[in-house]
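> Next one to model:
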Amino acid sequence: MQRVYDFIRRHPTGVDSFWAVVLLGFSLLWVGSTYPAVEEPAAYGVVAVLLSLVVALRRRAPEKMLVLAVALGLAQLALGLMPFLADFAMLVIIYTVAAHDGPRWASRLALIGGLSAATLSQLRWPMEGEGSALAKVFFTVIMTVPFALAWVLGDSLRTRRAYFAQLEERASRLEQEREAQSKVAVAAERARIARELHDVVAHNVSVMVVQADGAAYVLDASPEQAKQALETISSTGRQALAEMRRLLGILRTGEHQEAGEYVPQPDVQQIEDLVEQVRGAGLTVDFKVEGTPRPLPSGVELTAYRIVQEALTNTRKHGGPDAGASVRLVYFDDGLGLLVEDDGRGATTEMYEDGGADGRGHGLIGMRERVGMVGGTLDAGPRPGGGFRISALLPLKPAL
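Sure thing, here's the model as predicted:
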């Protein structure tokens, strides 16, 4: 049966032509069986052929076939050709036009023609006998019902099709919106990874440069210190490579299994290791934790680590010789406070905002984005008397 249904859907005109031939055959049989009682059988035959054509082409040209059906109905009234079996095509074309998503004038014309057909027929060929006027009206109403039902069924089908088309369009639009949101999310994730790479490269390369300069300076006078500096460069380089592999591995679509498990994101506990690393690079850092340490959301811990890393890196780059820094972590009941200060020359706020002297970093822009993602606040600027100060408050829960 499914093949039959598929064939019918693929060949609608062929199916309509089949029923048109059936209608024409029965109509001609009716004309032949009532001859010679029927006057002008040739005229009936012509009307039957044209009405059969209306059925055959109803879906190819519904508006034109409607006009043809109306013209044939008026011709029957004018020539006195009584309604016969072929007039069933008028019901079919009324249903088709009402169901077709075409111009509304055609649907209105079909409705008006259907509602007036029985009345005009009754006026042209009154009921025989002396029946009451009420009986004649009742008969006219009964004959009008099929035409009204044909139009109502067709219009309901058109409305249903339009509703389903609207649902499909909405589903397609939602799918496009989901794809757009996915692309935005991917772009945001890539931007986050770019910030991560900036932090990794800026911090670790800065440490390596400082250690390399120190090793070159003491190479002849103190080979042991030079050896320690080279070991620091080696360990720092390995750490940078490990983090860069992890971050770049995220960008490789479908290669997560091959990349293996990624290194965990830095947390607050590793800030002390970061400070020790910076101290080893020659920068004096005073580190202090206030309050009771406790587990924090991973986003808050990563943000705190990256802010300290960025601030200490900029202190080494812009603080000048003999600069010192202090780092304070304060655990509040509802969040984590962070204060990083240095007593060096201090870079200007514009240099931080523009991403550093080379214009390629992220500076305060990256810090503010990180703090904003966790719903926190950031205050940064030059200190009175020199140096730079960065203060951040990271809540445990994002602001609503």
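> Torsion angles phi and psi at L339?
With angles defined as degrees, to the nearest 10, L339 sits at phi -140, psi 120.
> mind listing what it touches?
Shown in contact with L339 (C-beta atoms under 8 Å, 6 or more residues apart in numbering): S326, V327, R328, V330, R389, I390, S391, A392. The way it works is simple: take the backbone N, C-alpha and C, and place the C-beta from them, glycine included.
> mind checking pLDDT for the first one?
With respect to pLDDT, S326 scores 93.
> Go ahead and confirm it touches G344.
No: under the criterion of C-beta atoms under 8 Å, S326 is not in contact with G344, lying 11.9 Å apart.
> nearest to I365, of the contacts of L339?
Within the contacts of L339, proximity to I365 (C-beta to C-beta) peaks at I390, which comes in at 13.3 Å.
> Who are the contact partners of the closest one?
I307, A311, L338, L339, V340, E341, M367, L378, D379, A380.
> The helix or strand harbouring it pairs with which strands, parallel or anti?
Secondary structure from DSSP states H and E places I390 in strand 388-395. Next to strand 388-395 in the sheet, as set by DSSP bridges, lie strand 335-342 (antiparallel), strand 377-382 (antiparallel).
> could those strands go into CSV alongside mean pLDDT?
As requested, these are exported to CSV (pLDDT from 0 to 100):
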stretch, mean pLDDT
strand 335-342, 92
strand 377-382, 90
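> Which positions within stretch 92-108 qualify as buried?
Of all the residues in stretch 92-108, those buried under the rule 16 or more other C-beta atoms under 10 Å are V92, I93, I94, Y95, T96, V97, A98, A99, H100, A106, S107.
> Stretch 324-344 now?
Under the neighbour-count criterion of 16+ other C-beta under 10 Å, stretch 324-344 has 325-327, 329, 335-344 buried.
> which residues sit in contact with I233?
V207, M208, Q211, A212, A215.
> Select only the buried ones of those residues in PyMOL?
The following PyMOL line selects those of the contacts of I233 that are buried, judged by 16+ other C-beta under 10 Å:
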select buried, resi 207+208+211+215
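> Which of the contacts of I233 lies at the shortest distance from R294?
Within these, proximity to R294 (C-beta to C-beta) peaks at V207, which comes in at 29.7 Å.
> What average pLDDT does whatever helix or strand the closest one lives in get?
V207 is part of helix 133-218 when elements are defined by DSSP H and E. Taken as a whole, helix 133-218 has a mean pLDDT of 82.
> cool, stretch 19-34 as well?
Mean per-residue pLDDT for stretch 19-34: 88.
> Would you mark the buried spots in that stretch?
Going by 16+ other C-beta under 10 Å, stretch 19-34 has these buried residues: A20, L23, L24, S27, L28, W30, V31.
> Among these, which ones are in helices?
Per DSSP state H, helices hold the following members of those: A20, L23, L24, S27, L28, W30, V31.
> With distance to L149 as new columns, can these be given to me in a markdown table?
As requested, those are arranged in a markdown table below (distance: C-beta to C-beta, whole Å):
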| residue | distance to L149 |
| --- | --- |
| A20 | 22 |
| L23 | 19 |
| L24 | 24 |
| S27 | 22 |
| L28 | 27 |
| W30 | 24 |
| V31 | 27 |
